[in-house]
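Novice: The amino acid sequence is not available; the structure is as follows:
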């Protein structure tokens, strides 16, 4: 039976998760680039949203959630065949149409996260081709593994809202494509600072609010699990933001607005896989861990490894998501938590979590490497140096964000 309260909450959550990409992530990323590349980032985010929506309906949803084998789903819902107005998604009190749409917003934001790795220097056609291929080769199979009854689900992996499915896949793929694409002109010594920190803050704030739909919506109902997921999500974001503020103050003498909200996103990414399994203390500890580890990862990737993951997708999303995925095995037993899924307790659950992170990271890296090579050989990957200097707003789209 369809429950009107549950349905109303997931309809709201769906809108909140879409808000995370449009306009949240789009503004967050746009504020971090140079003014001559603002529209290119906005264009990439909104076009990915449209492309992912179509791919999801054509075959993505079916391959992710229809019964198939341990590695990929079936074709029973291609073009949403057989989906009736009153169809109920198994195990819920939701219309299947609502579940399709809710999961579609996850399929939209995940490839959009990868945009942060290659801003200001990639061909628009390459972005579009990569988004479609990546959804079908990386996101859809991993979704099936974890949430669609695949091999990681059989191992009873714990990933409430996408630490593995969203953040590990996007983070690992981001660093691979960033390394293959090469750094921006002037990196790392002469890169320009964010052109509009206020825009970054507005985008991050929209992400913070939208994340309640992401995590609390993953309860697939309006009940106690949704309430606790919302609470721990907020706590983790707040703690990680403050951790980033303290570290910057101690290290640089002044806290920055961009740093503070980067901490916010780190806390949100870290709590995502654990949000439905931990209590308030778990949320606080996840925010503490995410704030510290993601800050260290930013420095490591950019300044030690010298990889121009431009907007820190691996450091914030990949490391945050992996951290939360591993720590849930240790924190789910604290007061307010649900306990672990796997037989054998905390130790066995940690091994399951580690296997999930490792396998998905390896698959994401390999698949991304092959896709980027194919795109480079066919459509071309990087814009010319002249176009990069002039800015992608005008050279790729014939527009400017700021006209005199």
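Specialist: Thanks, I have it. Being a predicted model, the structure only gives us computed values, none of them experimental. Residues are numbered from 1 along each chain as shown.

Novice: by contact count, what packs against the one helix or strand residue 177 maps to?
Specialist: The secondary structure element spanning residue 177 is helix 169-181 (assigned by DSSP states H and E). On a contact count with 3 or more Cβ pairs under 8 Å, 6 or more residues apart in numbering; DSSP states H and E, helix 169-181 meets helix 96-118, helix 319-331, helix 345-378. For glycine as for every other residue, the C-beta is placed from the backbone atoms N, C-alpha and C.

Novice: between that helix and helix 319-331, how many degrees?
Specialist: Regarding helix 169-181 and helix 319-331, their directions subtend 150 degrees when assessed with axes from the mean of the first three to the mean of the last three Cα atoms, to 10 degrees.

Novice: before we move on, back to that, mean neighbour count, the helices and strands packed on helix 169-181: which tops it?
Specialist: Across the helices and strands packed on helix 169-181, averaging neighbours per residue (mean count of other Cβ atoms under 10 Å) puts helix 319-331 on top, at a mean of 27.

Novice: Low-confidence ranges, the protein, go.
Specialist: Low-confidence segments of the chain (pLDDT under 70): none present.

Novice: hmm, try it at 80
Specialist: In the prediction, the chain carries residues with pLDDT under 80 at positions 191, 404.

Novice: before we move on, the earlier item: which one, of the helices and strands packed on helix 169-181, ends up nearest to residue 83?
Specialist: For residue 83, the closest of the helices and strands packed on helix 169-181 is helix 96-118, at 5.8 Å, according to Cβ to Cβ.

Novice: now the angle between helix 169-181 and the closest one, please.
Specialist: Using the same axes, to 10 degrees, the direction of helix 96-118 lies 30 degrees away from that of helix 169-181.

Novice: quick one on the thing from earlier: in CSV: the helices and strands packed on helix 169-181, plus distance to residue 276.
Specialist: Supplementary listing: these in CSV, determined by distance: least, Cβ to Cβ, whole Å:
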stretch, distance to residue 276
helix 96-118, 15
helix 319-331, 9
helix 345-378, 15
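
Novice: Mind checking those for the one nearest to residue 400?
Specialist: With Cβ to Cβ as the criterion, residue 400 lies closest to helix 96-118 of the helices and strands packed on helix 169-181, at 19.8 Å.

Novice: Run the chain-centre distance for that closest one.
Specialist: Distance of helix 96-118 from the chain centroid (Cα atoms, centre = their mean, to the nearest Å) equals 8 Å.

Novice: From the contact counts, what lies against that helix?
Specialist: For helix 96-118, the elements it packs on are helix 4-19, helix 26-32, helix 38-55, helix 61-65, helix 124-134, helix 140-147, helix 169-181, judged by 3+ Cβ pairs under 8 Å, 6+ apart.

Novice: Pipe the ones you listed into TSV and attach mean neighbour count per row.
Specialist: As requested, the helices and strands packed on helix 96-118 are exported to TSV (neighbours: other Cβ atoms under 10 Å):
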stretch	mean neighbour count
helix 4-19	19
helix 26-32	26
helix 38-55	21
helix 61-65	25
helix 124-134	20
helix 140-147	25
helix 169-181	25
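
Novice: Out of these, which is closest to residue 266?
Specialist: With Cβ to Cβ as the measure, helix 169-181 is the member of those nearest residue 266 (11.5 Å).

Novice: out of the helices and strands packed on helix 169-181, which comes closest to residue 147?
Specialist: Put simply, out of the helices and strands packed on helix 169-181 the one that sits nearest residue 147 is helix 96-118, at 8.3 Å, with distance taken as Cβ to Cβ.
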